[in-house]
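Student: What follows is a predicted structure for the sequence shown.
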Amino acid sequence: MSSARPLDLGELSRHPLPPIVEGDKNSRGKLLVIAGTREIAGAASICANSALRAGASKITIATVASVAPLLAVGVPECRVVALTETRDGGFAHSAVSKLAALADDYDAVVAGPGMTPTKVETSLAAALCATGRPLVLDAALLHGLAPAAEHARSADIAPILLPHSGEMASLIECSPDEVEADPLGCGHKAARHYDALVLVKGPESHIVTPGGDSWKYEGGGPGLGVSGSGDTLAGILGGLLARGAKPLDALLWSVWLHGEAGASLAKKIGPVGFFAREIAGEIPALLARTQASAP
């Protein structure tokens with residue numbers, strides 16, 4: 001098991017993003033965002049807007065029927081698909097097959113932002129792992145992934161998992177305290193068990209591959225510890241995947257961009273007090289500066 005390498009511009013230069021070329025609205029990929037519940041509709045908006053800021057061409061939000069009209073108006077750049085929901089405001093079982101079929105038309109999928117644990121999470125995670133698309137799993141879908149571990153391991157493309165300590169505890173059946181005491185070790189355990197790329201979120205971010213490679217990002221600052229910040233990260237990652245970035249390259253860049261955007265806002269606004277929805281606005285300039293200076 002290797003020690004974690006620092007995630008900086010030098011490291012990112014070894015993981016380049018796809019070049020930006022002239023083209024129409026289909027030229028930088030299509031992303032499907034599966035997100036939101038009746039009570040947490042905003043997560044879908046934050047995630048989709050972040051993907052657009054990362055350069056994806058077209059975004060579709062698949063969400064529960066009760067909030068779909070609000071998102072269609074609130075995020076007018078995106079197509080919004082309404083799915084059947086339960087009385088609790090989450091996706092119904094009948095939505096699972098429809099979501100898996102919908103994923104076939106997209107270059108990448110982000111699933112989980114704003115979703116809360118339900119009886120559907122395991123079957124949805126399993127169905128999405130079988131689509132053969134680059135896949136990001138977050139939030140409730142991480143809590144439901146353990147019974148579907150074999151589906152993650154058999155995926156054509158290793159899924160990307162974005163757990164905080166509580167979600168990691170569900171993934172590897174330990175306590176959140178154990179995760180916080182050894183985030184890198186827990187990340188390695190999850191990466192091996194699910195054959196997945198894993199980001200262990202926290203004051204320091206650890207990225208781990210199934211083969212044992214790892215990186216650590218220590219920047220960003222306390223302002224990133226705000227509701228919706230993880231939805232922003234998931235959206236940035238999804239946008240880079242839709243553009244054609246390799247999964248590991250996209251994950252490394254998204255962690256760095258998310259952190260550097262937080263540091264930039266801290267200078268403009270203050271160390272805390274900015275909104276998660278403001279983070280993505282920093283991404284285009286960060287991408288332009290770093291890619292312009294790349295060798």
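Tutor: The structure has been received and is ready for your questions.
Student: Run a quick neighbour tally on the residue lying closest to residue 92 once chain neighbours are set aside.
Tutor: Closest residue in space to residue 92, ignoring its immediate chain neighbours: residue 84 at 4.2 Å, by CB to CB, 6 or more residues apart in numbering. Using the backbone N, CA and C atoms, a C-beta is placed for each residue, glycine as well. Look at residue 84: counted by other CB atoms under 10 Å, it has 12 neighbours.
Student: For residue 84, list the residues it contacts.
Tutor: By CB atoms under 8 Å, 6 or more residues apart in numbering, the contact list for residue 84 reads 64, 65, 91, 92, 94, 95.
Student: sec struct for residue 258, please.
Tutor: helix (DSSP: H, G, I helix; E, B strand; the rest coil).
Student: Tell me if I'm right that it and residue 224 touch.
Tutor: Yes. Residue 258 lies in contact with residue 224 (CB atoms under 8 Å); the separation is 7.1 Å.
Student: Adjacent strands (with direction) for the longest strand along the chain?
Tutor: In the chain, with assignment by DSSP state E, the single longest strand is strand 58-64. Sheet pairing for strand 58-64, assigned by DSSP bridges, gives strand 30-34 (parallel), strand 79-83 (parallel).
Student: what about the first one, distance to the chain center?
Tutor: By that I understand strand 30-34. 11 Å (CA atoms, centre = their mean, to the nearest Å).
Student: And the next helix or strand past it?
Tutor: helix 42-53 (DSSP states H and E).
Student: Could you give the separation of that next one from the chain centroid?
Tutor: What separates the centre of helix 42-53 from the centre of its chain is 10 Å, taken as CA atoms, centre = their mean.
Student: And the contacts of it?
Tutor: So helix 42-53 is contacted by 31, 33, 35-36, 59, 61, 63, 67, 71, 74-75, 77-78, 110, 113-115, 139, 228, 231-236, 238-239, 242, 276-277, 279-281, 283-284 (CB under 8 Å, 6+ apart).
Student: Apply 6 Å and report the result again.
Tutor: If you take CB atoms under 6 Å, 6 or more residues apart in numbering as the criterion, helix 42-53 is touched by 31, 33, 35-36, 59, 61, 63, 71, 74-75, 78, 113-114, 228, 231-232, 234-236, 238-239, 276-277, 280, 283-284.
Student: Pull out the buried residues from these.
Tutor: Listed as buried from those are 31, 33, 35-36, 59, 61, 63, 71, 74-75, 78, 113-114, 228, 231-232, 234-236, 238-239, 276-277, 280, 283; burial here means 16 or more other CB atoms under 10 Å.
Student: Start from the N-terminal end of the stretch 1-150 of the chain and give the helices.
Tutor: 9-12, 42-53, 68-74, 94-103, 121-129, 140-143, 149-153 (DSSP state H, counting those that start in this stretch).
Student: Dump these into CSV; add mean pLDDT as well.
Tutor: Formatted as CSV, the helices of the stretch 1-150 of the chain follow (pLDDT from 0 to 100):
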stretch, mean pLDDT
helix 9-12, 95
helix 42-53, 98
helix 68-74, 97
helix 94-103, 97
helix 121-129, 97
helix 140-143, 95
helix 149-153, 98
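Student: Which one of those lies nearest to residue 263?
Tutor: Of all these, the one in closest proximity to residue 263, counting by CB to CB, is helix 9-12 (13.3 Å).
Student: Now do the buried residues in the closest one.
Tutor: Residues residue 12 are the ones in helix 9-12 that count as buried (16+ other CB under 10 Å).
Student: what helices or strands is the worst-scoring helix or strand of the chain on mean pLDDT leaning on?
Tutor: Least confident helix or strand of the chain, by mean pLDDT, DSSP states H and E, is helix 283-292 with a mean of 88. Judged by 3 or more CB pairs under 6 Å, 6 or more residues apart in numbering; DSSP states H and E, helix 283-292 is in contact with helix 247-268.
Student: So, low pLDDT: which residues of the chain?
Tutor: 1-2, 23-27, 292-295 (pLDDT under 70).
Student: Just give the number of residues close to residue 257.
Tutor: Residue 257, neighbours per other CB under 10 Å, totals 27.
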